[in-house]
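Participant: sequence unknown, structure follows:
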């Protein structure tokens, strides 16, 4: 594994710029989650995704945050609205049984447009599930997560009754 | 069909009998929506101005009667989100425990729905009125009505729909609630849905706050039981309800009597 594959704060910051996150409060919260995620995750972090959408008044909203390593994911729901951060960590490697995809104004063979939307839900055999939403250029990031982390780990099997 | 006897059984019962599912995704959406509503309400101009206005209400009240209105400093008042388990328990109580249309035989969705209809994952954010709530404690009985009126006017001026609710239960529970309703935009799949969601602002007195804290666990247990006692609690002095319920009524009476004494003193001072 090369150092370049690892997720650095510099690359996280570039990602935040690309999705239009400008609030210092939000950015500081991501920084804190990233720092804690590096300690909590048993492996090196490789990728970050933050779900975003646009309100009807045109305002950008940021919802949940995920950090991916090769085998694990860390989920922080409502990351910029929580007073005390709650991290959910699970193993997804060879563990995903269903993926549901919805799109709007998105052509998979081209880059996302400003009004493209992508919604992906995936279900892990241990009962965990993720609901990820992307708007605009963030759809391309979510598509790369789909290709890199979801599809290779899709397997058949029984779901858990834990949830 | 038998009623699911505990709220823990309710989720399985619901998922077997209805199309909309209560699953992990529903729970995550609930956690997000309750957090979002708390965050947006807390950071709204209307709520910030209200906290500021509380100082004015305090001064106004002190000038009128010489007593303090509030028990806490306004900035110490906090908003809380309802935990998922308590939320589901409330849905269970509405759909099952208090459902007078429930039939053991020939059970069907249409005839056995509760008054006001089923609470489902599609409508529960609008139907449950306290997913976010706060409690403001005043010192005296008359502070409850005064503050509720002030809050009502303030939040209506901010463009919110407001519904006051004066609760007085046989079990000795007295409380004044203001439901402050506002439109929140929620992402559901690819769509942005607009939901009218309520924040419950409770106003209570210092004495009632004390008795609420003492009886809270007891009422929680009672709410989670389907069984009705053979004897009315008013006639069973050994039952759990007897003392806390009557203490609730007695405190309400004492608070009213304190107000009578206070008002007479003020009248005597004037004359």
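Facilitator: Great, that's in hand. Bear in mind that the values here come from a model prediction, so they are computed numbers and not experimental data.
Participant: is stretch A:59-77 anywhere near chain B?
Facilitator: Yes: shown here: stretch A:59-77 in contact with chain B (CB under 8 Å from any CB of the partner chain) through A:61, A:63-64, A:77. Glycine gets a C-beta too; all of them are placed from N, C-alpha and C.
Participant: for that stretch, list every residue counted as buried.
Facilitator: A:60-69, A:71-77 (16 or more other CB atoms under 10 Å in any protein chain shown).
Participant: now do the end-to-end distance for that stretch.
Facilitator: 20 Å (CA to CA, to the nearest Å).
Participant: now that stretch: average pLDDT?
Facilitator: The average pLDDT within stretch A:59-77 is 95.
Participant: leaving out chain neighbours, which residue sits closest to the residue sitting nearest the centre point of chain A?
Facilitator: Closest to where the C-alpha atoms of chain A average out (CA atoms, centre = their mean) is residue A:49, at 3.1 Å. Nearest residue to residue A:49, sequence neighbours excluded (CB to CB, 6 or more residues apart in numbering or on different chains): residue A:66, at 4.8 Å.
Participant: want to try a markdown table for the residues of stretch A:59-77 next to chain B, with secondary structure as columns?
Facilitator: Shown next, in a markdown table, are the residues of stretch A:59-77 next to chain B (DSSP: H, G, I helix; E, B strand; the rest coil):
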| residue | secondary structure |
| --- | --- |
| A:61 | strand |
| A:63 | strand |
| A:64 | strand |
| A:77 | coil |
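Participant: so which of those is the closest to chain B?
Facilitator: Checking the residues of stretch A:59-77 next to chain B against chain B by CB to the nearest CB gives residue A:77 as the nearest, at 5.8 Å.
Participant: contacts only, for that closest one.
Facilitator: A:63-64, A:86, A:88, B:28, B:31-32, B:35 (CB atoms under 8 Å, 6 or more residues apart in numbering or on different chains).
Participant: possible to save those as TSV with distance to residue B:117?
Facilitator: Conversion of these to TSV gives the following (distance: CB to CB, whole Å):
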residue	distance to residue B:117
A:63	29
A:64	31
A:86	33
A:88	34
B:28	25
B:31	25
B:32	24
B:35	27
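Participant: just to be sure, which of these are found in helices?
Facilitator: Counting by DSSP state H, those place B:28, B:31-32, B:35 in helices.
Participant: out of those residues, which touch chain A?
Facilitator: Contacts with chain A within these, as defined by CB under 8 Å from any CB: B:28, B:31-32, B:35.
Participant: may I ask which helix or strand encompasses residue B:245?
Facilitator: helix B:242-270 (DSSP states H and E).
Participant: what are the buried residues along that helix?
Facilitator: B:244-245, B:247-249, B:251-252, B:255, B:258, B:262.
Participant: and if you look at stretch B:76-95?
Facilitator: Quick answer for stretch B:76-95 (16+ other CB under 10 Å): B:77, B:79, B:81-82, B:87-95.
Participant: ok, now stretch A:138-155?
Facilitator: For stretch A:138-155, by 16+ other CB under 10 Å, it's A:138-143, A:145-146, A:149-150, A:153.
Participant: before we move on, what about stretch B:114-122?
Facilitator: B:114, B:118-119, B:121.
Participant: equivalent analysis for stretch A:94-114, please.
Facilitator: Those buried within stretch A:94-114 under the rule 16+ other CB under 10 Å are A:95-97, A:103, A:106, A:112.
Participant: so can I have a markdown table of those residues showing distance to residue B:223, secondary structure and pLDDT?
Facilitator: Listed next are the buried residues of stretch A:94-114 as a markdown table, based on distance: CB to CB, whole Å; DSSP: H, G, I helix; E, B strand; the rest coil; pLDDT from 0 to 100:
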| residue | distance to residue B:223 | secondary structure | pLDDT |
| --- | --- | --- | --- |
| A:95 | 39 | coil | 92 |
| A:96 | 39 | strand | 95 |
| A:97 | 37 | strand | 94 |
| A:103 | 44 | strand | 97 |
| A:106 | 47 | coil | 96 |
| A:112 | 49 | coil | 96 |
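Participant: ok, and of those residues, which contact chain B?
Facilitator: Counting by CB under 8 Å from any CB, the members of the buried residues of stretch A:94-114 near chain B are residue A:103.
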